[in-house]
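[1] make a model of this:
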Amino acid sequence: MISTKARYALRVMISLAQYQENGYVPLKDIAKQQEISEKYLEIILKTLVKGKLLKGLRGKGGGYMLTRPPERYTVGEIIELAEGPLAPVACLLPDAESCPRIEKCTTLPLWKKYDALIHDFFYGITLDDLVKGRF
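    This is a model prediction of the structure:
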């Protein structure tokens, strides 16, 4: 299941993509538009800034904006930054230890195929696709 934090991160990124021509968007404006508490939004925005998906500017005229054009972001990278890997089972996590059952695991091919479907689906959709309603 996709977490609330990841869903909100995606909503925020879409919102900023829609208003990118306006420059920096203040946190309070994003919070009001997206109906997210400022405190929770601040946590999400810090994650997105740390991951270099957004840049922030403090003070008058400050706020947040995208670091690159919307077509250069994928839904997958936004979700994974906010939530962590989308792997359906622990043995497919990027830093997973080798499973002693790997040679005889009859379900591993199923999980690998499911993992590929999830990855291809979310990494095949850009922020621009969502902004322009192409999905």
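[2] alpha carbons only for contacts and neighbour counts from here, please
    OK.
[3] now the strands for this protein?
    Assigned by DSSP state E, the chain shows strands spanning 54-57, 63-66.
[4] where's the residue nearest the centre of the chain relative to residue 50, distance?
    Nearest residue to the geometric centre of the chain (Cα atoms, centre = their mean): residue 78, 1.7 Å. Going from residue 78 to residue 50 by Cα to Cα, to the nearest Å gives 12 Å.
[5] likewise residue 25?
    17 Å.
[6] so between these two, which is more surrounded?
    For the pair residue 25 and residue 50, the greater number of neighbours falls to residue 25 (20 against 12), based on other Cα atoms under 10 Å.
[7] what pairs with the more buried one across the strands?
    Note on residue 25: beta-bridge partners by DSSP bridges are residue 64.
[8] that one contacts residue 62, doesn't it?
    Yes. Between residue 25 and residue 62 a contact is recorded at 7.0 Å, counting by Cα atoms under 8 Å.
[9] so where is the protein shaky, pLDDT-wise?
    The model of the chain has no residue with pLDDT under 70.
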